[in-house]
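The following block contains a protein sequence and its predicted model.
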Amino acid sequence: MSALTEQERALIRNGVEKFVDANYRFEDRRERLLREEKYGSHWATFAELGWLMLPFSAESGGMGGKVVDAQVLTRVFGRALINEPWLEAMVAGKVLEHGVEANTRDQWLAPLMSGDLIMVLAHGEHKADLDFDSVETTAVQVDKGYRLHGTKRVVWQAGAADKYLVTARLDNEPAVFVVDGSIDGVKVTEYTAVDSRFAADIELHEAVVEADALLSRGAMAEIGVKRAILFAFGALIGEMRGIAEQLIKLTAEYLNTRKQFDTTISNFQALQHMLADMVIAKEEIQSLEWITAELATIEDLLERERVARSAKARAAAVGRKLCELGVQLHGGIGLTDEYIASHYLRRMVAIDGYYGDTQQHLLWLARRY
């Protein structure tokens, strides 16, 4: 259960809404990107407001929040299309919280929560989503520490990170290492993703790290990574809900303004039905958000994974359809870069691919159930 009350959640929601309304107007997006560069300029404010401590337990030095509390933020972050790597840093923090021994955890988690360190998880590979079974990056013990070899693909917001949490197999066991992108043997290739945010592929070519770079290995490392990504799924469904609610609002306003044949197009029954389909999809996403808000109460990790994968797969499918309808109902303007509807669709496509797309999750479910 979350340590936060509903009243505290409401205060957080009001605070983040005011902050986003003041700092993330879509109309200012291009100017803001030029001024703040790729990853925004509000990370210190995120720390001051407690948003970097929110989803971590009191024992870890956090506020005791859970997925339901993270969703309060991500609903608004989704609406605003923020640049800051909040979710990516929180996923790395969750690996530290659940997959690393307490003394080592505190060494890295404390500066992450204070905003002094940005760390992201580098786990994705050509074949891997959640599971370590498909991880091909290897670690070999050498005199000075460990030698890493492999490639991590589509590491979201990697360019914003000071350090990477890299997953690998060490003596055929899951392991997590902390890696600095500036060391010899590490090549970071950054590119623009479909949602106009940034990701990178990280190539590790015989990169040697110190012995203390190994943070965790074995079952603890595997569980930490899995729990972190399942947390991300719940937070992302909150973001989907925020996008859905805002796009429905904008679409309804457009239909009530745009005129054809001497009447507003909101009077056309076919368009009313399409808007109704968007509302139904939003309600389904909201229901899935509520389900994932209770993930932490599921003790069995495999059952938690089943629920989270199922929810993300369904939410991404209906969310993408919702955004496609929103773009269609806006007509030509919906396709332009100058209007937010196309950006919502692109962000929904990116969310779908985060650690396994809809088809991959359905295939995983079909093989096990």
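The structure has been received and is ready for your questions. Residues are numbered from 1 along each chain as shown.

alpha carbons only for contacts and neighbour counts from here, please
OK.

now do the same end-to-end measure for stretch 348-363.
The straight-line separation of the ends of stretch 348-363 (Cα to Cα, to the nearest Å) is 20 Å.

again, but for stretch 349-360
Counting by Cα to Cα, the terminal residues of stretch 349-360 are separated by 14 Å.

Can you show me the strands along the stretch 1-150 of the chain?
In the stretch 1-150 of the chain, strands defined by DSSP state E, counting those that start in this stretch lie at 119-122, 138-142, 145-156, listed in chain order.

and among those, the most buried is which?
A comparison of these by mean neighbour count, using mean count of other Cα atoms under 10 Å, puts strand 119-122 on top with a mean of 28.

so which of the strands of the stretch 1-150 of the chain comes closest to residue 10?
For residue 10, the closest of these is strand 119-122, at 28.5 Å, according to Cα to Cα.

Would you mind pulling up the elements that that closest one packs against?
Identification of packing neighbours for strand 119-122 by 3 or more Cα pairs under 8 Å, 6 or more residues apart in numbering; DSSP states H and E yields helix 86-99, strand 145-156, strand 163-170.

what angle sits between the last one and helix 86-99?
Pointing back at strand 163-170 there. Strand 163-170 and helix 86-99 are oriented at 50 degrees to each other (axes from the mean of the first three to the mean of the last three Cα atoms, to 10 degrees).

I'd like the helices and strands packed on strand 119-122 written out as CSV, with mean pLDDT and distance to residue 298 added.
CSV is the format used below for those (pLDDT from 0 to 100; distance: least, Cα to Cα, whole Å):
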stretch, mean pLDDT, distance to residue 298
helix 86-99, 97, 15
strand 145-156, 95, 28
strand 163-170, 96, 25
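
Distance to residue 295 added to these, as JSON lines?
Written out in JSON lines, the entries for the helices and strands packed on strand 119-122 read as follows (distance: least, Cα to Cα, whole Å):
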{"stretch": "helix 86-99", "distance to residue 295": "14"}
{"stretch": "strand 145-156", "distance to residue 295": "24"}
{"stretch": "strand 163-170", "distance to residue 295": "24"}
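
so which of the ones you listed gets nearest residue 303?
Across the helices and strands packed on strand 119-122, residue 303 has its closest neighbour in helix 86-99 (17.6 Å, Cα to Cα).

relative orientation of the closest one and strand 145-156 in degrees?
140 degrees.

what about helix 86-99, distance to the chain center?
If you compare the mean C-alpha spot of helix 86-99 with that of the full chain, they lie 11 Å apart, counting by Cα atoms, centre = their mean, to the nearest Å.

cool, and stretch 70-81?
Its chain's C-alpha centre and that of stretch 70-81 lie 11 Å apart, by Cα atoms, centre = their mean.

cool, and stretch 147-163?
For stretch 147-163 - counting by Cα atoms, centre = their mean - the centre lies 15 Å from the chain centre.

Pull up the gap between the residue lying farthest from the centre of the chain and residue 275, please.
Among residues of the chain, the one most distant from the C-alpha centroid is residue 262; the distance is 44.5 Å, by Cα atoms, centre = their mean. Distance of residue 262 to residue 275, computed by Cα to Cα: 21 Å.

where does the stretch 101-250 of the chain dip in pLDDT?
Counting by pLDDT under 70, the stretch 101-250 of the chain contains low-confidence residues at 128-130, 132.

Just to check, residue 223 is in contact with residue 97?
No: the pair residue 223 and residue 97 does not pass the contact test of Cα atoms under 8 Å, sitting 10.7 Å apart.

Which among the helices and strands packed on strand 119-122 is found nearest to residue 360?
Going by Cα to Cα, the one of the helices and strands packed on strand 119-122 nearest residue 360 is strand 145-156, 16.1 Å.

ok and the closest one relative to strand 138-142, angle-wise?
Between strand 145-156 and strand 138-142, the angle formed by their directions is 160 degrees, by the same axes, to 10 degrees.
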